[in-house]
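Engineer: Here's a sequence, model it:
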Amino acid sequence: MDEHVHDPKAPFYGFQSWNHFFIRRFKPGARPVAEPNKHKVIVNVCEAVPFAIARDVKAQNAFWIKSQPYSLKQMLDGHFVDQFVGGTVYQAFLSAENHHRWHSPVWDVVK
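Structural biologist: Down below sits the predicted model:
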């Protein structure tokens with residue numbers, strides 16, 4: 001909890017609900033990006049365990065998300081698909097014990 005914004009003296013550490021606790025914010029500087037100026041370096045956007053990596057992906061490759069197959073075309077709802085074809089898809093598993101707030105350390109993905 002030392003990394004998160006909270007009030008240890010308030011009831012429930014100041015969280016208004018379970019959801020508020022579940023997506024708690026980090027304190028500024030708590031988790032800096034290791035290589036902020038290297039735009040090809042990608043870090044997990046949350047506390048997740050690597051699950052799968054696919055390289056040279058096609059628009060219709062199947063990626064399994066919660067026991068369902070998805071393609072780039074489906075995941076991106078048809079938008080910008082061609083810009084990601086030939087790229088890499090990194091999938092990670094997020095368990096109930098992990099920090100769930102989404103952080104996006106990737107820049108200049110879609111131009």
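Engineer: got a list of what the closest residue in space to residue 60 that isn't next to it in sequence touches?
Structural biologist: Closest residue to residue 60 apart from its sequence neighbours, by C-beta to C-beta, 6 or more residues apart in numbering: residue 71 at 4.8 Å. All C-beta spots, glycine's among them, are computed from the backbone N, C-alpha and C. By C-beta atoms under 8 Å, 6 or more residues apart in numbering, the contact list for residue 71 reads 59-63.
Engineer: now residue 12
Structural biologist: Shown in contact with residue 12 (C-beta under 8 Å, 6+ apart): residue 21.
Engineer: tell me the SS of residue 59?
Structural biologist: Secondary structure state of residue 59, per DSSP: H, G, I helix; E, B strand; the rest coil, is coil.
Engineer: mind checking the backbone torsions on residue 49?
Structural biologist: Backbone dihedrals for residue 49, given as degrees, to the nearest 10, come out at phi -100, psi 130.
Engineer: any idea how far the nearest residue to it once chain neighbours are set aside lies from residue 17?
Structural biologist: Distance criterion C-beta to C-beta, 6+ apart; nearest residue to residue 49, sequence neighbours excluded, is residue 93 at 4.7 Å. Distance, residue 93 to residue 17, by C-beta to C-beta, to the nearest Å: 25 Å.
Engineer: Am I right that residue 74 sits in a strand?
Structural biologist: No - applying three-state DSSP, one finds residue 74 to be helix, outside a strand.
Engineer: Local confidence estimate at it?
Structural biologist: For residue 74, the pLDDT comes out at 90.
Engineer: That one: neighbouring residues, count only.
Structural biologist: Counted by other C-beta atoms under 10 Å, the residues lying close to residue 74 total 16.
Engineer: do the one 10 residues further on as well
Structural biologist: Number of residues near residue 84 (other C-beta under 10 Å) recorded here: 18.
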